[in-house]
Structures are given as structure tokens and as C-alpha cells.
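>>> Requesting a structural model of the entry that follows:
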Amino acid sequence: MGKRIFLLVSTLVWLPYGIYCFFAPGFLAGAAGVAALSPTGRTELRAMYGGLQAGIGMLTLSGVLSEAMTRPALLAIAFLCSGLGSTRLLGALIEGGISSYTISGLIFEFLSAGLAIHFLRRS
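Reported below is the predicted structural model:
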């Protein structure tokens, strides 16, 4: 898989998920057990699960469309997914529980980090 195909697949995961979470933050209660208790909480979910993830999707899209943005997008995915995967794993170990959502996140994040690092090392 080429680096731009990887970034395109990343775009197709991050961007729609972010947009969906922005418009339907209540979805996270059933999917991930994350719920907002106030308007401030819903705003936070919209920002972190909606805006941040959509922003990552836009960054990966810029790496698909512009050669100059390919390396920055890969670097961002390498760092962000390494951080997400590591803290998700540590959190699951601390809490003593793991769900299908957690497993899916771990697979996606560590696979994404590994592929991004692979493509960075090749270039």
C-alpha cells in the first residue's frame, strides 16, 4: 500500500467519523460509553470527537492532494496514533476492562502509527 493510499484510507476513516460525532455526539454513549451531562459536555464531545477527528481527516486529505503535505500528514498520524494507542492501552490496563470499541481503537491506532512510521522511514 502506498503512502498516499494509506492517507486516503485514513481520510475515509477520520473525516466522516469526525463529522458524524459533531452532529450526533450522543452516539458515543452507546458506542464508547462516553456521555455528556451538560451543554458544555456536548460541546466538548463535538470538539474532541467531531472537530479534532475531522481536522485529522482534513490533514490526511491534504497529504493525499499535495506532495508537500504528505510528510507532515504522516508525521501527525505517527505521533497522534502512537499517543492514542498507548494511552488507550494503558487506560484499559488501569481500568481492568476492554470492550470491542477499545479493541477496534487499539488495532486502528497501532496499525496506523506503524504504517505511518513505515512510510516515513521509506521516504
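
>>> Please work out the average pLDDT along the helix ranked longest in the chain.
For the chain, the helix with the greatest residue count under DSSP state H is helix 67-95. Helix 67-95 shows a mean pLDDT of 98.

>>> Just the buried positions in the helix or strand that comes right after that helix, please.
Following helix 67-95 in sequence order, the next helix or strand is helix 100-122 (DSSP states H and E). For helix 100-122, a neighbour-count test (16 or more other C-beta atoms under 10 Å) marks 102, 105-106, 108-110, 112-113, 115-117, 119 as buried. The way it works is simple: take the backbone N, C-alpha and C, and place the C-beta from them, glycine included.

>>> Pull the most distant pair out of those.
Spanning the widest gap among the buried residues of helix 100-122 are 102 and 119, at 26.0 Å by C-beta to C-beta.

>>> can you name the farthest residue from the center of this protein?
Distance from the centre of the chain peaks at residue 38, with 24.5 Å (C-alpha atoms, centre = their mean).

>>> What is the worst-scoring helix or strand of the chain on mean pLDDT packed up against?
One helix or strand of the chain scores below all others by mean pLDDT, DSSP states H and E: helix 27-32, with a mean of 93. Contact partners of helix 27-32 among helices and strands, from 3 or more C-beta pairs under 8 Å, 6 or more residues apart in numbering; DSSP states H and E: helix 3-23.
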